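Visitor: next come a sequence and a model predicted from it.
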Amino acid sequence: MPLPEAAPREHMHTRRIECQAFRRQDGLWDIEGELVDTRSWDASNAWRGEIPAGTPVHGMRLRLSVDEGFVIREVSVAMDEHPFARCNAIEPAYEQLVGLRIGPGFSHRCRRLFGATRGCTHVTKLLDNLATTTFQAMGPVLSREARARGEDPSGGRKPFFIDGCHALAADSETVREHYPRWYRDTTPGTEG
């Protein structure tokens, strides 16, 4: 269903975020993201000079190379378009991601590591998107492969996504139907 028709307006700015996942032949996964900001009007910048409409004001790329345990093994950052000369000096700070596991608490750890002046707002914004992309890409593939080997993909643990959103609340019909082992009936009188 589309959004309701908008009031008359003028396009001013576009932010595009694209994330992709690749399985490498060496067993790692490359999770890549790109953030591009463009304006629909000519802008002026003290460092870059004139920035014509449609030319990226921000162009940041980030690659996380992740093992099958969701641990980051390699990090690459490229800040091709940025508004200030010193923006890309922060790129090496993101090496602190190596050794971190993408899972519960990851976004909080990233905000602690790269918040305020310890990182680039735009590169750090990509981290949340890449974490989600990691689960969307790796989760189904690794689960399917585990089931093909006759293994329980969750290892007997409650899947991390249950209670992670409205549709996957432990007391939802979705969980009752697709993950009955983890369903929790909260109907009054059923607490037991």
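Guide: Received, thanks.
Visitor: what bridges to Glu34?
Guide: With beta bridges defined as DSSP bridges, Glu34 has these partners: Glu18, Arg61.
Visitor: what residues does stretch 179-188 touch?
Guide: When contacts are defined by CB atoms under 8 Å, 6 or more residues apart in numbering, stretch 179-188 is touched by residues Lys158, Pro159, Ile162, Ala170, Asp171, Val175, Arg176. No exception for glycine: its C-beta is placed from N, CA and C like everyone else's.
Visitor: mind redoing it with 10 Å?
Guide: Under the criterion CB atoms under 10 Å, 6 or more residues apart in numbering, residues 154, 156-159, 161-163, 168-177, 190-192 lie in contact with stretch 179-188.
Visitor: okay, the residue nearest to the spatial centre of the chain: pLDDT?
Guide: Here the mean C-alpha position of the chain is nearest to the C-alpha of Asn129 (CA atoms, centre = their mean), at a distance of 1.8 Å. According to the prediction, Asn129 has pLDDT 97.
Visitor: then the one 5 residues further on?
Guide: At Thr134, the predicted lDDT confidence score is 98.
Visitor: how far away is it from Ala169?
Guide: Shown here: Thr134 relative to Ala169, a distance of 23 Å by CB to CB, to the nearest Å.
Visitor: give me the helices and strands touching the least confident helix or strand in the chain by mean pLDDT, please.
Guide: For the chain, the helix or strand with the lowest mean confidence is strand 43-45, at a mean of 91 (criterion: mean pLDDT, DSSP states H and E). When contacts are defined as 3 or more CB pairs under 10 Å, 6 or more residues apart in numbering; DSSP states H and E, strand 43-45 sits against strand 49-51.
Visitor: no further queries at this time; thank you.
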